[in-house]
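Trainee: curious how this folds, go ahead:
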Amino acid sequence: MRKRLQIFAIVAIILILASTLAVFLANTDFSSPKPQPIGKQYLFYHGNMSKIFLVAATTTYVDANQTYGAANGQLVQKGSPLFILTLTLRNDYTSDEPPPPFKGIPISPADGTAYVYLTAQLYDKGGVANASDVTVPDFSIPSTPGAALVLASGQTEFVDIYMAVDQKSVIGYDINMIYVGDSIPT
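Mentor: Next comes the predicted model:
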């Protein structure tokens with residue numbers, strides 16, 4: 001009788017461990033590496049540190065819920081993988097230290113409002129990843145893909161950058177500021 005109880009206990013423990021392992025494996029995504037996060041920092045524009053501060057950056061993969069057209073003419077079909085960067089940005093420009101003027105002519109009066117245009121460069125194990133920015137911006141710079149937003153002085157806001165990717169293999173990224181200025185570039 002005692003030997004039966006021992007065998008029953010061992011079988012029960014094995015079943016519990018097997019069930020736990022099955023749940024763990026079902027909820028673990030081994031196919032997509034997690035990109036290294038970028039720390040808090042001021043973003044650079046034309047080699048100079050701007051006063052646009054990256055408060056936080058998070059990433060996720062989703063399947064496109066619509067068909068997107070990239071600036072290079074590529075069509076990204078519904079259901080294709082997208083890598084989304086969600087950035088939290090803060091504008092530290094002020095009326096005393098306004099953003100750079102568009103075409104060298106400052107607006108008057110300067111209130112510190114910044115017009116920001118961003119994209120990202122993605123990396124996989126092989127180096128630069130094959131990715132296209134398919135973000136639909138609030139305002140656009142002709143033939144330039146990216147995310148756009150307007151930030152009042154001191155304002156903190158979220159912005160998403162949508163990158164179409166061939167596969168879920170992104171291991172890193174850089175945020176590239178295409179434009180920051182005191183007005184919308186025309």
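Trainee: and I175, how far from K51?
Mentor: 15 Å (Cβ to Cβ, to the nearest Å). From N, CA and C alone the C-beta is placed, and that goes for glycine too.
Trainee: I105 too?
Mentor: Look at I105 and K51: by Cβ to Cβ, they are 20 Å apart.
Trainee: more neighbours: the two, which one.
Mentor: K51 (19 against 9; other Cβ atoms under 10 Å).
Trainee: and that one, what element?
Mentor: strand 48-63 (DSSP states H and E).
Trainee: describe which strands that strand pairs with in its sheet and in which direction.
Mentor: With DSSP bridges as the test, strand 48-63 is paired with strand 41-45 (antiparallel), strand 81-91 (antiparallel).
Trainee: buried stuff in the shortest one?
Mentor: Yep, that's strand 41-45 we're talking about. 43, 45 (16 or more other Cβ atoms under 10 Å).
Trainee: where does the protein have low pLDDT?
Mentor: Applying pLDDT under 70 to the chain picks out residues 1, 5, 8-9, 12, 17, 20-33, 108.
Trainee: could you pull up the residues touching P145?
Mentor: Applying Cβ atoms under 8 Å, 6 or more residues apart in numbering to P145 gives the contacts 70-72, 119, 132-135.
Trainee: among the residues you listed, which are located in helices?
Mentor: Judged by DSSP state H, the contacts of P145 include no members of helices.
Trainee: of the residues you listed, buried ones?
Mentor: Buried members of those, scored by 16+ other Cβ under 10 Å, are 70-71, 119, 132-135.
Trainee: still on that earlier bit, residues making contact with the strand holding K51?
Mentor: With Cβ under 8 Å, 6+ apart, strand 48-63 has contacts from 32, 35, 37-38, 40-45, 78-93, 97, 99, 114, 116, 151, 156, 168, 170, 173, 175, 177, 180.
Trainee: write the PyMOL selection for whichever of those are buried.
Mentor: Restricted to buried positions by 16+ other Cβ under 10 Å, the PyMOL selection for the contacts of strand 48-63 reads:
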select buried, resi 35+38+43+45+81+82+83+85+87+89+90+91+92+93+99+114+116+151+170+173+175+177+180
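Trainee: A148 sits in which helix or strand?
Mentor: strand 147-151.
Trainee: so K103: helix, strand or coil?
Mentor: State at K103, reduced to three classes by DSSP: H, G, I helix; E, B strand; the rest coil: helix.
Trainee: how close does it get to M177?
Mentor: The gap separating K103 from M177 is 18 Å, by Cβ to Cβ.
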